[in-house]
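>>> here is a sequence with its predicted model. Questions after.
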Amino acid sequence: MKFSFKHFTTHLLVSLLCLLALTGSVLPNKIEKILNQGEIVVVTRNSPTTYFEDNVGETGYEYELAKSFADYLGVNLVIKQADTLEELYAYLNQKNVAFAAASLTVRPDKNESVRFSTPYMQVSQQIIYRRGTLRPKQVTDLINGKLLVTSDSSHSYQLRQMQNDVPELSWSESPDYATVELLQMVADGEIDYTIVDSNEFEMLQAYYPNVGIGFDLTGVQPLAWAFPQSPDNSLFEEAQSFFRDVQTNGLLLEIEERFYGHLGQLNYAGAKRFKRQTHKKLNKYDEIFQQAAQQYDLDWRLLAAMSYQESHWNPRARSFTGVRGMMMLTLRTAKELGVKNRLDPKQSIFGGAKYLAKLRKRMPDNIAEPDRTWMALAAYNVGYGHLTDARKLTKLDGGDSTRWMDVKDYLPRLSQKRYYKQTRHGYARGNEPVSYVQNIRRYFDVLVWNEANNVNNNNALTETELAIEDAPMQLSANVRVIPPLL
Ligand code: BLG
C-alpha cells in the first residue's frame, strides 16, 4: 500500500482518541489510583498474629506481608487499625481502603461483600478451656458451660452452623473482646470456653499457660486477605500475582518462619515455669541487664532471655563441662573477655553482653537483622567457627547462608561424620544452637509482650500459680545447680 500522509494522520488521530478514552475520560482503575497516590491503605487489627509495634517499629505477620505487597507495587503502606471485626469489614466500604489483612478466615457467608485472595495459611478453630477444669472433648461437652466468642467472626459463624446438629448449643457473642482478652477471661474463670484460631493460640499460649486446647472444632480453614467486591479487578489481580510470586520465591515461608518458626519451643510446662521465674527472679537482675544492654547496644530483654536459657537466672549454675554463671561463660571465653569471677552476676552478664555484641559485629555485612542476631546467638553457643562451617554447608547445598531460616537446617549436620569431615572446625553438637536460638526467641517474645502490656514482674502470683508445684528445672545444657556457699 502506498503511504498516504492523510491516511496516517487519520490513524494517529483515531489511536489518540482511543488512548484518551482509555486513560483520560475513563476514571483510573484501583491499581492506577494506588500507583498515582504512591500509597496503599490496608486495614488490620492490633494483635500478636497481625500487627503490633515492637522496639524497632511496626511489625507483625500481616504487616510484613502487606508491606511486601506494597514494595511489590512500589508504593508506601498505610495501616488503618480497626478495633472490632465489624469495624474492620466496615472499613472495606471506604473508597481509599484497598483490603483487609487481619488473619481472616475465608467465609462463604461473606461472599456478597467480600472477595478473598489466595490463602496464605491454614488454621483450625480450637476450643480453649482452663486447665484444672474438665477438659471438653466434643461439642456436646460445651452445652452447660459459658462460651463466649467474638461476634461476626468465623467462630460465631461456625457455631451457628453447628447448632443445626446440636440445637442445645448456646453461646454469647460480643464485638468488644480481642483474642487476648478472651483468653484472659478463660484464665480468670470468668468464662468457661472460647474459640481461638490455631495460629493465634500457638502464639499466645506462652502468655496464658493455664489455658489449654479442649479440641479442634474444625478441620483446617484457609486465611486470606479480604477485598471489597467490585467489578474492578485490577488490584485483586495484582494481589493474586503477588501471592504466586511469594509462594515460589520463598518470601511467604520466610515471613512465616519469622513469626511462627520458634513457637513450638515453649510448651505448657515451660511457659508456666518461665512465668514463675520472671516473677521470682527477674526483678533482681533486670537493672544489670539494662545497664549491660545499654553499654553494648543490645536489647535488655534479649540478654535476659539468653540468661534464662543459659541458667534460669541462677548465678551459680554450672554445666558438666564446667561452663558457669548467669550467662554460662566457658573459662576460656571468660578470660578473653576479662571476666574474673564468672559466678558474679554483674560480671557474667556484662561479659555475655560484650561477647554477643562482638559476635554480632563480626558477622559478615550481608547478614541483615534479625538473622544477624539469631546467628550471633548460635555462635555464642556453638562457637563462631562452627557456625561458619554450617553456613558453608548451607551454601554448598544451594541454601541461603545469610538467612537463619536456612542455616538452622544445616547446623545439625555438624554432628554427622559425612558432613563434619568436610568442614574446617569438625564435629559439633549442631542441634544445640538451633534449640538454643529458638528458645531464646520465644522467651524474648514473652518479655517484650510483658513490657508492652505492663505485666509487672514483681506482681504477686495468683492462687493457681502459687499452687503449681515447683517442678525440677530442665536446663538447656545439662546444667546442675550448686547449693549456695555457707
Ligand atoms: C560456648 C562459648 C563459646 C565457644 C563455644 O562454647 O559456650 N560461649 C561462651 O562462653 C559464652 O565461646 O566458642 S569458641 O570459643 O569459638 O570455641 C564452643 O566451645 C555456653 C557454650 C557451651 C554451652 N553453653 C554458652 O551457650 C554449654 O554449657 N555446654 C555444656 C555442655 S554439657 O551439658 O556440659 O555437656
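Arrived safely, thanks for sending. What you are looking at is a predicted structure, and each value in this text was computed from that prediction instead of being measured.
>>> near the ligand, anything from the helix or strand containing residue 381?
Using DSSP states H and E, residue 381 falls within helix 371-382. Yes - shown here: helix 371-382 in contact with the ligand (CB under 6 Å from any ligand atom) through 380, 381, 382. Placement of C-beta: from N, CA and C, glycine included.
>>> ok, stretch 435-451 next?
No - Stretch 435-451 does not reach the ligand (CB under 6 Å from any ligand atom); its nearest approach is 6.5 Å.
>>> pull out the buried residues from that stretch.
436-450 (16 or more other CB atoms under 10 Å).
>>> show residues contacting the helix holding residue 381.
Helix 371-382 is contacted from outside by 302, 306, 352, 355-356, 359-360, 362-363, 367, 386-387, 390-391, 402-405, 407-408, 411, 414, 428-430, 432-434, 436-437, 440-441, using CB atoms under 8 Å, 6 or more residues apart in numbering.
>>> can you check stretch 227-237 too?
29-32, 34, 92-93, 97-99, 112-117, 239.
>>> from the contacts of helix 371-382, list the buried ones, please.
Using 16+ other CB under 10 Å as the burial test, those include 302, 306, 352, 355-356, 359-360, 363, 367, 386-387, 390-391, 402-405, 407-408, 411, 414, 428, 430, 432-434, 436-437, 440-441 as buried.
>>> how many neighbours does whichever residue of the stretch 101-250 of the chain sits closest to the ligand have?
The stretch 101-250 of the chain approaches the ligand most closely through residue 206 (21.7 Å), counting by CB to the nearest ligand atom. Look at residue 206: counted by other CB atoms under 10 Å, it has 22 neighbours.
>>> what score does it have for pLDDT?
Listed pLDDT for residue 206 reads 79.
>>> residue 453 now?
Looking at residue 453, its pLDDT reads 75.
>>> can you tell me how far residue 111 is from residue 99?
Going from residue 111 to residue 99 by CB to CB, to the nearest Å gives 15 Å.
>>> one more: residue 224?
Distance check for residue 224 against residue 99: by CB to CB, it reads 10 Å.
>>> name the residues of this structure found near the ligand, please.
So the chain meets the ligand at 310, 319-321, 323, 328-330, 333, 355, 380-385, 477-478 (CB under 6 Å from any ligand atom).
>>> run the chain-centre distance for the longest helix along the chain.
The longest helix of the chain (DSSP state H) is helix 431-452. Centre-to-centre, helix 431-452 and its host chain are 11 Å apart (CA atoms, centre = their mean, to the nearest Å).
>>> just checking, what packs against it?
Helix 431-452 sits against helix 268-277, helix 300-311, helix 371-382, helix 404-410, with contacts defined as 3 or more CB pairs under 8 Å, 6 or more residues apart in numbering; DSSP states H and E.
>>> using PDB, write down the CA coordinates of the first one.
Right, the one you point to is helix 268-277. Backbone C-alpha positions of helix 268-277 (Å, rounded to 0.1, in the frame of the first residue of the first chain) are rendered in PDB as follows:
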ATOM      1  CA  TYR A 268       2.800 -25.600  78.700                       C
ATOM      2  CA  ALA A 269       5.200 -26.600  81.500                       C
ATOM      3  CA  GLY A 270       8.000 -24.400  80.100                       C
ATOM      4  CA  ALA A 271       5.700 -21.400  79.800                       C
ATOM      5  CA  LYS A 272       4.400 -21.800  83.300                       C
ATOM      6  CA  ARG A 273       7.900 -22.200  84.700                       C
ATOM      7  CA  PHE A 274       9.100 -19.100  82.800                       C
ATOM      8  CA  LYS A 275       6.300 -17.100  84.100                       C
ATOM      9  CA  ARG A 276       7.000 -18.100  87.700                       C
ATOM     10  CA  GLN A 277      10.700 -17.400  87.300                       C
END
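>>> from the contact counts, what lies against it?
By 3+ CB pairs under 8 Å, 6+ apart, helix 268-277 packs against helix 431-452, helix 463-467.
>>> so residue 159 is in contact with residue 170, correct?
No - using CB atoms under 8 Å, residue 159 is not in contact with residue 170, being 9.0 Å away.
>>> which residues are in contact with each of these two?
residue 147.
>>> what about those two, which has more around it?
residue 159 (22 against 14).
>>> okay, that one: pLDDT?
Looking at residue 159, its pLDDT reads 96.
>>> now swap in residue 90 and tell me
Predicted confidence (pLDDT) for residue 90: 95.
>>> give the contact list for the one residue in the chain that gets nearest to the ligand.
At 2.9 Å from the ligand, residue 383 is the closest residue in the chain, using CB to the nearest ligand atom. Residue 383 sits next to 425, 428 when contact means CB under 8 Å, 6+ apart.
>>> how near is it to residue 255?
Distance of residue 383 to residue 255, given as CB to CB: 30 Å.
>>> returning to that earlier point: which among the residues of helix 371-382 next to the ligand gets closest to residue 142?
Using CB to CB, residue 381 is the member of the residues of helix 371-382 next to the ligand that lies nearest residue 142, at 44.9 Å.
>>> sort out which residues of the helix or strand residue 291 falls within are buried, please.
Assigned by DSSP H and E, residue 291 falls within helix 283-296. By neighbour count with 16+ other CB under 10 Å, helix 283-296 contains the buried residues 285, 286, 288, 289, 292, 293, 296.
>>> tabulate the CA atom coordinates of stretch 208-224 in CSV.
Below are the C-alpha coordinates for stretch 208-224, written out as CSV (Å, rounded to 0.1, in the frame of the first residue of the first chain):
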residue,chain,number,x,y,z
TYR,A,208,-1.5,-17.8,79.2
PRO,A,209,-0.1,-21.0,80.5
ASN,A,210,-3.1,-22.1,82.5
VAL,A,211,-5.4,-22.3,79.5
GLY,A,212,-5.3,-25.2,77.1
ILE,A,213,-6.9,-26.7,73.9
GLY,A,214,-10.0,-28.8,74.6
PHE,A,215,-10.4,-30.0,71.0
ASP,A,216,-10.3,-28.8,67.4
LEU,A,217,-13.7,-27.5,66.5
THR,A,218,-13.0,-27.6,62.7
GLY,A,219,-10.6,-29.1,60.2
VAL,A,220,-8.2,-26.7,58.6
GLN,A,221,-9.6,-23.5,57.1
PRO,A,222,-7.7,-21.0,54.9
LEU,A,223,-6.7,-17.5,56.0
ALA,A,224,-6.7,-14.8,53.3
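>>> buried residues, it. List them.
For stretch 208-224, a neighbour-count test (16+ other CB under 10 Å) marks 208, 209, 210, 211, 212, 213, 214, 217, 218, 221, 223, 224 as buried.
>>> in those, find the pair that's most separated.
Farthest apart among those by CB to CB are 210 and 224. That separation is 32.6 Å.
>>> got CSV for the buried residues of helix 283-296, with pLDDT too?
Shown next, in CSV, are the buried residues of helix 283-296 (pLDDT from 0 to 100):
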residue, pLDDT
285, 96
286, 95
288, 98
289, 98
292, 98
293, 98
296, 98
